[in-house]
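Peer 1: predicted model follows, preceded by the sequence.
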Amino acid sequence: MSGVWYFLGSFVLLLAGYTLYGAFVEKVFGIDRSRPTPLQTHRDGVDYVPLPRYKIFLVQLLNIAGLGPVLGPILGALYGPSALLWVVFGCIFGGATHDFCAGMMSLRYGGASYPEIIGRNLGTGVRRFMEGFTIIFMIMVGAVFVLGPAKLLESMSGVGFIWWSALIFAYYFVATIMPIDKIIGRIYPIFSVLLLLMAFGLTVALLWQGYEILPNTNFFVNTDPSGLPIWPLLFITIACGAISGFHATQSPLMARCIENERDGRMLFYGPMIAEGALGLIWVTLGLSFYQSPEALAAVIKAGSPTLVVKEISVALLGPVGGALALLGVVVLPISTGDTAFRSARLLVADTFHIQQATPNSRVLVAIPLFLAGIALTFIDFAVIWRYFGWANQSMACVTLWSVSVYLARRQLLHWISTLPAVFMTAVCTSYLCYAKIGFGLPLPLATGIGIALSLACLLIFLKKGASLPEEEAAY
């Protein structure tokens, strides 16, 4: 019974985080209800389009969610219930703060895209690097979020993987070039509701059918069958649901549709808390549905985390409910993949000053992006996912340092972003030094390098951050 209380207590902490810490972060940043928003100054009927608050919330949730709060927490469950702690506290103090500040900075900068937010605070050189890095990352996200749903749909229907991939890419292309209120603004709120209903439906079914919730509540024991260390791997494995740099690339999409700054906490901080709730559910399902971490690991090895999703959904909700739950999970990556390509289109257009008012101009920008995305689907999913995880969290580091500079210039309490920036810098550096996709160093040495670099970044920031000149707008 204690496991149930831990699970419910985690949800209470997330709600308290939104109510209390979210209000504190909002107060630190400083909301100006009279300030014109990008929608009022740049309205164009394509990307700067007014949407109701409930739609923006649901679209933002679907944009940032992807497969991250499903696959990442399933993989994170292998490490034991410590994954719950990372989801709760990472989401409140890291992810939601990151998303809120990135979204509000985009609002203040006229709906600026991610690299401009970074460049305005960290300089032209960092901006140029992040422009290329972000475009590549967006294409990678699109490819990852074709492979995942295509594999699930193939297992559900028997129709070949290639056909599903082609169909998803075709949809991505249409959604990328259409005005945001024609497809995304109309159907994504419905998909978000479906996603939330299915996730909570699985939770109710788990309780109803008598599964023991969180049979292991030892939060400080590593249960990974392969012996991989919690530090730093857990903090890379679970990104969406705790903190994700990808979200900062999505916030400008909705920053261009918001009518008043007072809605920032609800529409940027709130969706991340909701995603944290999804992450909690899938960590709990992974820890509670299977008898042991070894059993969970065997299913993952046999068919990747998507097989875990299929097994849990069908077992708990039956064939019909399982199919609906799987469709809800399929919607997650598809609805993120198309906005990833949309973000890439806007980024290329902003970088090269290409007007996007006409369909032809949008098509010309989109074609090379999709050709690159199709090429990436021929690479093994596991390889792309590992690079995606590190790149995603590294982007979060850059965003958090940018937020710290923004706040320090204005003599505001920058520690709300500086402390998570220091932590995530240590995580990402340690992972790159330790992992096989990086330098493969011994863990103590990798950790020492990570801590040293994060402290060096902190010292540089404390010495120079507040005095860095703010870069002029790129457009």
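Peer 2: Yep, that arrived.
Peer 1: can you pull the contacts of the nearest residue to residue 411 once chain neighbours are set aside?
Peer 2: Distance criterion Cβ to Cβ, 6 or more residues apart in numbering; nearest residue to residue 411, sequence neighbours excluded, is residue 466 at 7.5 Å. Yep, even glycine has a C-beta here, placed from its N, CA and C like the rest. Contact analysis of residue 466 by Cβ atoms under 8 Å, 6 or more residues apart in numbering lists 405, 408, 409, 411.
Peer 1: now do residue 467
Peer 2: So residue 467 contacts nothing (Cβ under 8 Å, 6+ apart).
Peer 1: residue 425 versus that one, what's the distance?
Peer 2: 21 Å (Cβ to Cβ, to the nearest Å).
Peer 1: same check on residue 419?
Peer 2: Distance from residue 419 to residue 425, by Cβ to Cβ: 11 Å.
Peer 1: quick one, which of the contacts of residue 466 are buried?
Peer 2: Burial by neighbour count, 16 or more other Cβ atoms under 10 Å: within those this picks out 405, 408, 409.
Peer 1: low-confidence regions, the stretch 351-475 of the chain specifically.
Peer 2: Applying pLDDT under 70 to the stretch 351-475 of the chain flags the ranges 356-357, 380-383, 385, 472-475.
Peer 1: and the stretch 51-200 of the chain, by the same measure?
Peer 2: 66-67, 180-185.
Peer 1: repeat the analysis, applying 90 as the threshold.
Peer 2: 51, 55, 58-59, 61-72, 111-116, 123-200 (pLDDT under 90).
Peer 1: can you verify my assumption that residue 232 contacts residue 449?
Peer 2: No - using Cβ atoms under 8 Å, residue 232 is not in contact with residue 449, being 11.3 Å away.
Peer 1: those two: which has the busier surroundings?
Peer 2: residue 232 (24 against 18; other Cβ atoms under 10 Å).
Peer 1: which ones are touching that one?
Peer 2: So residue 232 contacts 426, 427, 428, 430, 431, 434, 446, 447, 450 (Cβ under 8 Å, 6+ apart).
Peer 1: shared neighbours, residue 232 and residue 449?
Peer 2: In contact with both residue 232 and residue 449: residue 430, using Cβ under 8 Å, 6+ apart.
Peer 1: continuing past the helix ranked longest in the chain, what's the next helix or strand?
Peer 2: Assignment by DSSP state H gives helix 305-352 as the longest helix of the chain. Later in the chain than helix 305-352, the nearest helix or strand by DSSP states H and E is helix 359-376.
Peer 1: same for that next one, what does it pack against?
Peer 2: Applying 3 or more Cβ pairs under 8 Å, 6 or more residues apart in numbering; DSSP states H and E, we find helix 359-376 packed against helix 124-157, helix 161-177, helix 305-352.
Peer 1: buried residues in the helix or strand following it, which are they?
Peer 2: As assigned by DSSP H and E, the chain's next helix or strand after helix 359-376 is helix 381-409. Under the neighbour-count criterion of 16+ other Cβ under 10 Å, helix 381-409 has 381, 384-386, 388-409 buried.
Peer 1: what's the answer for stretch 226-242, then?
Peer 2: 230-242.
Peer 1: nearest to residue 366, of the residues you listed?
Peer 2: Using Cβ to Cβ, residue 240 is the member of these that sits closest to residue 366, with 24.6 Å.
Peer 1: so that closest one touches residue 74, yeah?
Peer 2: No - counting by Cβ under 8 Å, residue 240 stays clear of residue 74, with 12.0 Å between them.
Peer 1: same list (the buried ones among the contacts of residue 466) but as CSV, adding distance to residue 313.
Peer 2: Shown next, in CSV, are the buried ones among the contacts of residue 466 (distance: Cβ to Cβ, whole Å):
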residue, distance to residue 313
405, 44
408, 47
409, 48
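Peer 1: from these, which is closest to residue 261?
Peer 2: Distances from residue 261 to the buried ones among the contacts of residue 466, taken by Cβ to Cβ, are shortest for residue 409, at 18.6 Å.
Peer 1: can you pull the contacts of the residue nearest to residue 281 when sequence neighbours are not counted?
Peer 2: Spatially, and ignoring its direct neighbours in sequence, residue 281 is nearest to residue 199 (4.9 Å; Cβ to Cβ, 6+ apart). Going by Cβ under 8 Å, 6+ apart, residue 199 touches 277, 278, 281, 282, 328.
Peer 1: and residue 199, how far from residue 37?
Peer 2: 32 Å.
Peer 1: what of residue 53?
Peer 2: Applying Cβ to Cβ to residue 53 and residue 37 gives a distance of 13 Å.
Peer 1: and residue 169, by the same measure?
Peer 2: For residue 169 relative to residue 37 (Cβ to Cβ), the value is 33 Å.
Peer 1: try residue 455
Peer 2: For residue 455 relative to residue 37 (Cβ to Cβ), the value is 38 Å.
Peer 1: which of the two has more neighbours?
Peer 2: More crowded of residue 455 and residue 37, by other Cβ under 10 Å: residue 37, with 23 against 13.
Peer 1: three-state assignment of the closest residue to the more buried one other than its chain neighbours?
Peer 2: Leaving aside its sequence neighbours, residue 37 sits nearest to residue 258 (Cβ to Cβ, 6+ apart; 5.5 Å). Recorded secondary structure, residue 258: coil (DSSP: H, G, I helix; E, B strand; the rest coil).
Peer 1: residue 159 now?
Peer 2: Per three-state DSSP, residue 159 ends up coil.
Peer 1: and it, what does it touch?
Peer 2: residue 153.
Peer 1: and the helices in the stretch 151-300 of the chain?
Peer 2: 161-177, 184-208, 230-237, 246-255, 264, 270-289, 293-303 (DSSP state H, counting those that start in this stretch).
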